[in-house]
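**Q** I'd like to go over a predicted model; first the sequence, then the structure.
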Amino acid sequence: MKKLTLIISILLLALPVIAQETTELMAPATPEDDLKLSSEDVETAGMTKWLVFDFTCNYPTRYEEFDDPETELPVKREVRWIGPALGITMNYDLMQCSNMWVIERSDLLNKFQQLWRSKYNTDRDTAFKDAKLDVVSLDVSQVEGLNRAYNADYMIVGEYDKPSPSEVWVKLRVLSADAPFEEIAVFERTGLFEELPMLARELSRDILNEFGLFPRSGTEAYWEEPLTTNLDAYQWLGKSISAGHIGKMISFYERALEQDPDFFATLVEYGKLLYFDKDFEQAFIRLEKTTELAPGFQLAWLRYGNAYYNASTTITNNLNYMMNPEKAPEGWEMVDDDKIKNSVDEMLASDYLWKALECYEKAIEVDPGYVDGWVSVATTQGQLGMDAESLASWETLISITDLSDAAYFNLGKSLWNVDNDQALEYFLKVVEINPYHVGGLYNAAALAQALGKSEIATNTIEIYYGWAPTDHSYMERFNELYMTAMGSM
C-alpha cells in the first residue's frame, strides 16, 4: 500500500465535551488518537438530533409591574429570565429520552463561535463579539449557512407572555433545522405563573407524545416531578444562565441553592461555571453532590468528568509553561499555593485524567446512547494511551449515530496508511456531516489525491472554497493541493 503523509489535522469536536470551547490546530493526524470500549445496551434505531433555543419574551418591558392583591402595594418583577429557564428545561428533559442527541444550550453558542472563527478566519475575541448566535430571534442571516455544521433534524424555538400577574402563556414551535425552517409542530399552554416549572414539563411531554418519543430506561424518578417545585429557585437559575458575568452568575446560583439546596440542575450548571473559572475545588464539591442527588442523570457525570479533565489540562499546561516560558500566555506566572489551578504536580494531572475517564464511563453506563459521553470517553482513553479501547469507543459511537463528525474523523485518522480507501470514506463522511470541518476537508482531499481520485479531491476542495474567505489561514495549502489535483485530471 502506498505510504502517505498527513499534512493537517484540525479537531473541531474530537476533544471531550469540556474542550469544545476552543478550536485548536492539532499535531499532524496519526493513528495514535484511536480508542476502544463497548456497550451492549445501545439503542440504534432512529436517533434524531435536536437544537433548543431560548424562548422569546413578548412582554413589552423587562419588568412586570402590578399591585400585590394581598398587600395592595406596587410590585416590580423581572420576567426576562423565563426564556432561558424554559430553554434549559427543554434541553434537560429531551436529554432523558431514548434515541435523541440534544446539543447543550451552552455548547450551541460555543460551537457556533468556533464555526464563525473557522469560516471568517477571526480570532477568538472577535468571534465571541461577532458570532453572538441569536438564540431568541433565529435570525436566518446568521443561522442559515452555519447551521449545516450541526446537521440537526429539529430545532425548538418558542415565545412567552404574561397575560396577567398570576398567569404565563407559552408557545413552543418545533422547526426543521435547516432553511426554510419548516414548522413541524406547535404547542401552546397557559398556566399559573407559580406553577411555571410544571408547565415547562408539560410542554416537554407534549413533544414526546407528538413525536413518538419515550423516556430512556432508568429515568423514571426524573419524570415524576419537574426540575424544581420552587419558583424562586427556578427564577434564580434562569437569571444565572443569562447573567453573562461570572460574579453575577455565582451570586444568582447561590441564591437558587438557598431556595432549594437540592436543585440538581443548578448544581450542574454552577459546577460548569466553577471549573471554567478554574475553581476546581468548589466545582468538585458541587458536581459530586449532583451525582449523589441524581445518579441517573448523565449530564451530571459528564460535567463531573469535565471538572477533572479541565483540572488535569490546567496542571499539564502549567508544567509546559514552567518548562517553556516562551509558550506561556501573556500574564501567566507561577504561584506557590495549594490551589489546583496553580499546581505543577504531574502525578496529580494523571490522577485527574483517570478520574475524568471514570466519570465519563459512568455517564455512558447510565445512558448507553449518550453521544457526548462517548466522545469524552474515546478522547480521554486516547490521551491515556488506551489506543485499542479508544478505537472501539469511536466505533461504538458510529453504531449509535451517524451524525458525529468527531467519530468519523478519528476513525479516518486511525486507518491512515492502514486502509486508505476506508479512511477516505470516513473523511468524506466528516465533510458530509460538517462542511466546515477544515481537517476533514483537507484530509479527504489529500487522501483522495494520493489514491489517484483527483475528481473527488477537487470537489472536496471546492466545498472549502464555497465558504472560506480568500485570506483564510489554510487557503494557500488548499490552493496548492487544488493545483496538484487539477494537473492530474
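**A** That came through, no problem. Numbers count the residues shown, from 1 in each chain.
**Q** For the protein, which segments count as strands?
**A** Using DSSP state E, the strands of the chain run over 10-11, 24-25, 48-57, 63-67, 74-78, 100-103, 154-161, 167-176, 183-192.
**Q** could you redo those strands as CSV and give each row mean pLDDT and distance to A243?
**A** Where you see a C-beta, it was placed from the backbone N, CA and C, and this is true even at glycine. Formatted as CSV, the strands of the chain follow (pLDDT from 0 to 100; distance: least, CB to CB, whole Å):
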stretch, mean pLDDT, distance to A243
strand 10-11, 36, 31
strand 24-25, 25, 28
strand 48-57, 85, 13
strand 63-67, 80, 16
strand 74-78, 82, 12
strand 100-103, 88, 21
strand 154-161, 90, 19
strand 167-176, 93, 21
strand 183-192, 95, 26
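**Q** Out of those strands, the one nearest Y304 is which?
**A** Minimum separation from Y304 across the strands of the chain (CB to CB) falls at strand 100-103, 18.9 Å.
**Q** ok, back up a step: so which of the strands of the chain gets nearest A363?
**A** When the strands of the chain are compared by CB to CB, strand 100-103 sits nearest A363, at 13.9 Å.
**Q** sorry, back to before: want to try TSV for the strands of the chain, with distance to F252 as columns?
**A** Putting those into TSV (distance: least, CB to CB, whole Å) gives the following:
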stretch	distance to F252
strand 10-11	34
strand 24-25	31
strand 48-57	16
strand 63-67	17
strand 74-78	12
strand 100-103	24
strand 154-161	20
strand 167-176	20
strand 183-192	24
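**Q** So, low pLDDT: which residues of the stretch 1-150 of the chain?
**A** 1-46, 119, 124, 127-149 (pLDDT under 70).
**Q** need the helices for it, in chain order.
**A** 82-95, 105-120, 124-130, 140-143 (DSSP state H, counting those that start in this stretch).
**Q** which residues touch D93?
**A** By CB atoms under 8 Å, 6 or more residues apart in numbering, D93 lies in contact with A200, R201, S204.
**Q** Quick check: the gap between it and I207.
**A** For D93, the distance to I207 (CB to CB, to the nearest Å) stands at 8 Å.
**Q** Ok, Y150 next?
**A** When distance is defined by CB to CB, Y150 is 18 Å away from I207.
**Q** which residue is nearest the centroid of the protein?
**A** D107 (3.3 Å; CA atoms, centre = their mean).
**Q** if we can go back for a sec, out of the contacts of D93, who's nearest I246?
**A** Lowest distance from I246 to the contacts of D93 (CB to CB) belongs to A200, with 26.3 Å.
**Q** quick one: contacts for the closest one?
**A** Contacts for A200 (CB under 8 Å, 6+ apart) come out as A85, L86, T89, M90, D93, V170, P226, L227.
**Q** swap in T89?
**A** Neighbouring residues of T89 by CB under 8 Å, 6+ apart: P197, A200, R201, S204, P226, L227.
**Q** could the contacts of D93 go into CSV alongside pLDDT and distance to D345?
**A** Output for those, formatted as CSV (pLDDT from 0 to 100; distance: CB to CB, whole Å):
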residue, pLDDT, distance to D345
A200, 95, 44
R201, 96, 45
S204, 95, 44
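**Q** Can you tell me which of those is closest to A221?
**A** Of all the contacts of D93, A221 sits closest to R201, with 13.6 Å by CB to CB.
**Q** Give me the nearest residue to that closest one, chain neighbours excluded.
**A** In this structure, R201 finds its nearest non-sequential neighbour in P226, 4.4 Å apart by CB to CB, 6 or more residues apart in numbering.
**Q** what are the phi and psi values for that neighbour?
**A** The phi and psi values for P226, taken as degrees, to the nearest 10, are phi -70, psi 170.
**Q** Next, count neighbours for it.
**A** Look at P226: counted by other CB atoms under 10 Å, it has 19 neighbours.
**Q** same deal with V344?
**A** Number of residues near V344 (other CB under 10 Å) recorded here: 17.
**Q** go on, M475?
**A** 15.
**Q** And for the one 4 residues further on?
**A** When neighbours are defined as other CB under 10 Å, N479 has 13 of them.
**Q** The one 3 residues further on too?
**A** Y482 has 19 neighbouring residues, counting by other CB under 10 Å.
**Q** And the one 4 residues further on, by the same measure?
**A** Using other CB under 10 Å as the criterion, M486 is surrounded by 12 other residues.
**Q** how near is it to A445?
**A** Applying CB to CB to M486 and A445 gives a distance of 12 Å.
**Q** Which neighbours do those two have in common?
**A** Residues touching both M486 and A445 (CB under 8 Å, 6+ apart): T458.
**Q** returning to what we had before: among the helices of the stretch 1-150 of the chain, which is nearest T470?
**A** Ranking the helices of the stretch 1-150 of the chain by proximity to T470 (CB to CB) places helix 105-120 first, at 11.5 Å.
**Q** ok so, going back, from the contacts of A200, pick the one nearest L115.
**A** Proximity of the contacts of A200 to L115 (CB to CB) peaks at M90, which lies at 22.8 Å.
**Q** how near is that closest one to T190?
**A** Distance, M90 to T190, using CB to CB: 18 Å.
**Q** what does T71 give?
**A** Using CB to CB, T71 is found at 26 Å from T190.
**Q** Also T470?
**A** Applying CB to CB, the value for T470 to T190 is 53 Å.
**Q** between the two, which one's more packed in?
**A** Ranked by neighbour count (other CB under 10 Å), T470 and T190 place T190 first, with 13 against 8.
**Q** surely that one meets P163?
**A** Yes. Contact criterion CB atoms under 8 Å: T190 and P163 qualify, at 6.9 Å.
**Q** what sits in contact with each of those two?
**A** Here T190 and P163 share the contacting residues W169, scored by CB under 8 Å, 6+ apart.
**Q** among the helices of the stretch 1-150 of the chain, which is nearest E333?
**A** helix 124-130 (21.6 Å).
**Q** burial measure for D338, as a count.
**A** Number of residues near D338 (other CB under 10 Å) recorded here: 7.
**Q** Quick check, pLDDT for it.
**A** pLDDT, the model's per-residue confidence, is 86 for D338.
**Q** Quick check: it vs Y352, distance?
**A** Distance of D338 to Y352, computed by CB to CB: 15 Å.
**Q** Many thanks, have a good one.
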